[in-house]
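1. Need a 3D model of the following:
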Amino acid sequence: MAIIIDESKRVLVQGITGREGQARTKLMKEFGTNVVAGVTPGKGGQQVLGVPVFNRVGDAVDAVGAVDISVIFAPAKAVKDAAFEAVQSGVKLLVLVPDRVPVWDAMEIAAAARANGARFIGPNTLGVLSPGRAVLGMIGGKAESAREWFKPGHVGIVSRSGGMTSSCGYYLGRVGIGLSTLVHVGGDSVLGMRIPDVALLFQDDADTQAIVVFGEIGGSQEEDLADLIATRRVTKPVIAYIGGAAAKEGTRFSHAGAIIEGNRGTHKGKVEALRRAGAVVVDAFGDLPRATLEVLGERGA
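-> The predicted model follows:
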């Protein structure tokens, strides 16, 4: 099984005729994603890689039927309107790839998603990949390298860093660990699905046996995950690495969400909260594969 994306989900690409839209649609199709339509205002009637293009999401839904997921490659300032159009047309999951989406726009997207019973991932996400099944966004690079690096299996990965999502998968694969799904939640301060939300999806996935987390200083996602573990809402083993141990006060990280507020968000606080809840937290990123193997071995996997 997999969470969020598999080969059965019907996917639409907003901004499909742009450079990124075309390149990432190629990746998604080559990896097995069921891309059924694209949308670019004013470009209706064209095709991209055999995918029909429409002027509006509503037009696409009328022509091809219901859509499960929209992947948005619109310019940052146009993401809000694209997201509104998608959720108002019945799309229940959005993947917001662009960075620099205004914070207030992200807040409005969150409100619109709630009002329409939808969810979103991002902004500023590389996407989601389920090995052997399908991919959303631009995670994994080329389809052939993604197939080589990421093998189907029973460990889920969730990360705040796009590059480290892929790195976690790559290094776990090097020691023979297969993956159920890799999820990059995004690096912005206002996000849709956060680490604890993804952990709950892995908890309900019968094929995921353990959860690997790449966290960072700032925000409270990792502490919130620790609360889920402590209250037994997440009972599957969690193996984590928290970046930023050497950061001093005033250090500027590349992610907008890496902001420490009060006593929450520090490296020490995150590590202590997770360990206290029962998670395995490694001190060095290179220790993640070994620690994951040990946890799986303890479970007879």
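
2. Okay, strands next: where are they in this structure?
-> Along the chain, the segments classed as strands by DSSP state E run 10-14, 34-39, 47-48, 51-54, 69-72, 93-96, 119-121, 127-130, 134-137, 152-159, 179-184, 210-216, 238-243, 280-282.

3. and those strands as JSON lines, adding mean pLDDT?
-> Supplementary listing: the strands of the chain in JSON lines, determined by pLDDT from 0 to 100:
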{"stretch": "strand 10-14", "mean pLDDT": "98"}
{"stretch": "strand 34-39", "mean pLDDT": "98"}
{"stretch": "strand 47-48", "mean pLDDT": "97"}
{"stretch": "strand 51-54", "mean pLDDT": "98"}
{"stretch": "strand 69-72", "mean pLDDT": "98"}
{"stretch": "strand 93-96", "mean pLDDT": "98"}
{"stretch": "strand 119-121", "mean pLDDT": "98"}
{"stretch": "strand 127-130", "mean pLDDT": "97"}
{"stretch": "strand 134-137", "mean pLDDT": "97"}
{"stretch": "strand 152-159", "mean pLDDT": "97"}
{"stretch": "strand 179-184", "mean pLDDT": "98"}
{"stretch": "strand 210-216", "mean pLDDT": "97"}
{"stretch": "strand 238-243", "mean pLDDT": "97"}
{"stretch": "strand 280-282", "mean pLDDT": "98"}
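
4. and of the ones you listed, who's closest to Gln22?
-> Among the strands of the chain, the nearest to Gln22 by C-beta to C-beta is strand 47-48 (5.7 Å). C-beta here means a position set from N, CA and C on the backbone, and glycine is covered the same way.

5. Distance from that closest one to the middle of the chain?
-> Its chain's C-alpha centre and that of strand 47-48 lie 26 Å apart, by C-alpha atoms, centre = their mean, to the nearest Å.

6. in its sheet, what does that strand sit against?
-> Next to strand 47-48 in the sheet, as set by DSSP bridges, lie strand 51-54 (antiparallel).

7. CA atoms only for the partner strand, dumped as CSV, please.
-> Taking Å, rounded to 0.1, in the frame of the first residue of the first chain, the C-alpha atoms of strand 51-54 are listed here in CSV:
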residue,chain,number,x,y,z
VAL,A,51,-2.5,15.1,-21.9
PRO,A,52,-5.4,17.4,-22.9
VAL,A,53,-5.1,21.0,-21.8
PHE,A,54,-8.1,23.1,-20.6
